[in-house]
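>>> sequence plus the predicted model coming up.
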Amino acid sequence: MPPTDVTTLIRTELPRLAGSLRKVGELILEDPAAVTHCSAAELGRRTGTSQATVTRFCRAVGLDSYQHLLIELAQERGRGEVSDWGTAEIGPDISPDDDLERVVQVVGSADLRAVQQTIDRIDLDAVERAATAAARARRIDVYGIGGSGAVAQETETRLFRIGCAVRGWTEVHAATTSAALLTPADVAIGISHSGSTRETIEPFELAKERGATTIALTSDPRSALARTADIRLISSSSATSFPTGIIGARHSVLVLIDCLYVRIAQLSYQRASASLALTDHIAGEHTVKSRRGR
């Protein structure tokens, strides 16, 4: 495992767990330091489960064993003692009575953790293959719904500026219609934090059936979207106790989009440079100059 927080990994996976596995995860997050002194059997007793359940939990979040979990917790604690982010002291909890300073600290730390974990875990080979396919593509479709729809539109804006024939689709009927017209010369990008959004998966699967190269951006490598994809780019996120959704999810996926965008521009340098040269003046021509007071 890369040198990132195992507690962040557990927070990311927790919403997908249920019953006894979720109980184990919640107790670990409640007091990670205390868990490092527990055996698997003792942790099972404290959670009202069993040693076997603790072992299953470890595997469910991508760890080899309970010993692997203990090692990761100890290493994370050591990093927290020397980190200038202060993540070990701040923690993920936000209560209705917390002041704004603490809210900013918790949210900022969660965002930073999500971005850093995405960078540490980035699959360079997958990014290279995705960028190569997109740079050569006749056409690129990007599918995303809800919050991921905003990311799909941002992806369209960036790739369009460097000369890619790209369209971001945020409505399932239009997306599916477009997917039906794709060919093996095309690329389809599906964006979903959970990887289980039906309105994204439907056109994505159809794009694959049509022979297009499919690229999934998701936080869950075991999701339906990831399983369908030819290429998987995995993002990270952090959760807080306050019901604000998954913190850092959009920031971390935008890191992947940025990496993809820059690499595509490199691989299609002449086209990208020509496109930027033709459009660079537009923003400046639409800038409203401020008037000085008399």
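Yep, that arrived.
>>> how many residues are close by A274?
13 (other Cβ atoms under 10 Å). In this view, the C-beta of every residue, glycine as well, is placed from N, C-alpha and C.
>>> tell me the contacts of the most centrally placed residue in the chain?
In the chain, the residue lying closest to the centroid (Cα atoms, centre = their mean) is S235, at 2.5 Å. S235 makes contact with A114, T118, H193, L217, T218, S219, A249, S252, V253, V255, L256 under the criterion Cβ atoms under 8 Å, 6 or more residues apart in numbering.
>>> so what's the last one closest to, chain neighbours aside?
By that I understand L256. L233 (4.9 Å; Cβ to Cβ, 6 or more residues apart in numbering).
>>> assign a three-state SS to that neighbour, would you?
Following DSSP: H, G, I helix; E, B strand; the rest coil, we place L233 in the strand state.
>>> thought R232 was touching V127?
No. Using Cβ atoms under 8 Å, R232 makes no contact with V127, being 10.6 Å away.
>>> looking at those two, which is more packed in?
Remark: of R232 and V127, R232 carries more neighbours, 21 against 18, as counted by other Cβ under 10 Å.
>>> need the helices for the stretch 101-250 of the chain, in chain order.
124-136, 147-161, 172-180, 198-209, 224-228, 249-267 (DSSP state H, counting those that start in this stretch).
>>> by contact count, what packs against the helix or strand just after the last one?
Proceeding C-terminally, helix 249-267 gives way to helix 269-285 as the next helix or strand, assigned by DSSP states H and E. Counting contacts by 3 or more Cβ pairs under 8 Å, 6 or more residues apart in numbering; DSSP states H and E, the secondary-structure elements packed against helix 269-285 are helix 147-161.
>>> so what secondary structure elements neighbour the helix it packs on?
Using 3+ Cβ pairs under 8 Å, 6+ apart: helix 147-161 touches strand 140-143, strand 166-169, strand 187-191, helix 249-267, helix 269-285.
>>> so which residues make contact with the longest one?
Contact with helix 249-267 is made by 111, 114-115, 117-119, 122, 127-128, 130-132, 134-135, 147-148, 150-151, 154-155, 158-159, 162, 164, 191, 193, 217, 219, 233, 235-237, 272, as judged by Cβ under 8 Å, 6+ apart.
>>> may I see the buried residues of stretch 147-163?
147-149, 151-156, 158-163 (16 or more other Cβ atoms under 10 Å).
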